[in-house]
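*Asks:* I need the structure of the sequence given here:
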Amino acid sequence: MGKKKKLSEDLRQRLVQAHSEGKGYKAIAKQCSVPVATVQSVINKYKRFNTVKNLGGRGRKRTVSTKRAKKICREVSNNPLRKEREQAETKVSRSTIERVLHRGGLHGRRPRKTPLLKKNHLKARLAFARGHIQQDSSFWSTILWSDETKLELFGHMDAE
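*Replies:* As a prediction, the model looks like this:
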């Protein structure tokens with residue numbers, strides 16, 4: 001069965017300190033209320049690696065090297081529409097390439113399309129705002145506000 005919880009770095013440091021003072025494993029375990037095997041493993045790790053910090057795991061090796069990942073990101077930055085995949089080192093899947101690009105900060109997103117406002121639209125809006133800036137609240141209470149405007153980005157509006 002695996003470990004239940006990780007010890008704090010401070011506690012591990014205290015275990016090593018107590019061992020360097022000449023205390024035994026059982027005495028340290030009783031004093032800090034941790035199992036004897038835990039004390040033993042912390043001290044062995046300190047003797048082997050000279051640290052009580054968590055070390056990185058080994059994990060699976062990546063199929064795409066760091067150098068190749070940088071090359072892929074650079075190529076996609078220069079030419080985003082390129083469809084072919086590089087076949088030099090090993091064959092890699094589409095999802096691997098996508099993962100490499102995501103790690104490199106490149107995502108396949110596009111900005112949302114918004115209706116285009118032309119200069120005459122901006123002028124008309126500004127003229128309306130300036131013309132009605134002095135109106136009081138009684139005037140605006142008689143206005144019927146509707147948000148059912150149909151906007152089409154391109155093309156003609158259908159007459160229904």
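*Asks:* switch to C-alpha atoms for all contacts and neighbour counts from now on
*Replies:* OK.
*Asks:* list the contacts of the helix or strand containing residue 96.
*Replies:* Using DSSP states H and E, residue 96 sits in helix 94-103. The contact list for helix 94-103 (C-alpha atoms under 8 Å, 6 or more residues apart in numbering) reads 69, 72-73, 107.
*Asks:* tell me which two in the residues you listed are the farthest apart.
*Replies:* Largest separation among the contacts of helix 94-103 by C-alpha to C-alpha: 69 and 107, giving 14.6 Å.
*Asks:* who's more crowded, the two?
*Replies:* In this view residue 69 and residue 107 are compared by other C-alpha atoms under 10 Å, and residue 69 has more residues nearby, 18 against 11.
*Asks:* in which helix or strand would I find the residue lying farthest from the centre of the chain?
*Replies:* Most distant residue from the mean C-alpha position of the chain: residue 138, 50.7 Å away (C-alpha atoms, centre = their mean). Residue 138 belongs to helix 137-141 when elements are defined using DSSP H and E.
*Asks:* how far out from the middle of the chain is stretch 45-62?
*Replies:* For stretch 45-62, the separation from the chain centroid amounts to 25 Å (computed by C-alpha atoms, centre = their mean, to the nearest Å).
*Asks:* swap that for stretch 105-115, sorry
*Replies:* 17 Å.
*Asks:* ok, stretch 109-125 next?
*Replies:* Per C-alpha atoms, centre = their mean, the displacement of stretch 109-125 from the mean C-alpha position of its chain is 31 Å.
*Asks:* I'd like the average pLDDT over it.
*Replies:* Stretch 109-125 comes out with an average pLDDT of 86.
*Asks:* okay, buried residues for it please.
*Replies:* If you call a residue buried by 16 or more other C-alpha atoms under 10 Å, then stretch 109-125 has no buried ones at all.
*Asks:* could I get the CA-only coordinates of that stretch as CSV?
*Replies:* Extracted C-alpha coordinates of stretch 109-125, given in CSV (Å, rounded to 0.1, in the frame of the first residue of the first chain):
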residue,chain,number,x,y,z
ARG,A,109,-8.5,30.1,-31.5
ARG,A,110,-10.0,32.9,-33.5
PRO,A,111,-11.5,36.1,-32.3
ARG,A,112,-15.3,36.4,-32.3
LYS,A,113,-16.7,38.0,-35.4
THR,A,114,-18.4,41.3,-34.6
PRO,A,115,-20.5,43.6,-36.8
LEU,A,116,-18.4,46.1,-38.7
LEU,A,117,-19.2,49.7,-37.9
LYS,A,118,-18.4,52.1,-40.7
LYS,A,119,-17.5,55.8,-40.3
ASN,A,120,-21.0,56.9,-41.2
HIS,A,121,-22.4,54.6,-38.5
LEU,A,122,-20.1,56.1,-35.9
LYS,A,123,-21.0,59.7,-37.0
ALA,A,124,-24.7,58.9,-36.9
ARG,A,125,-24.4,57.5,-33.3
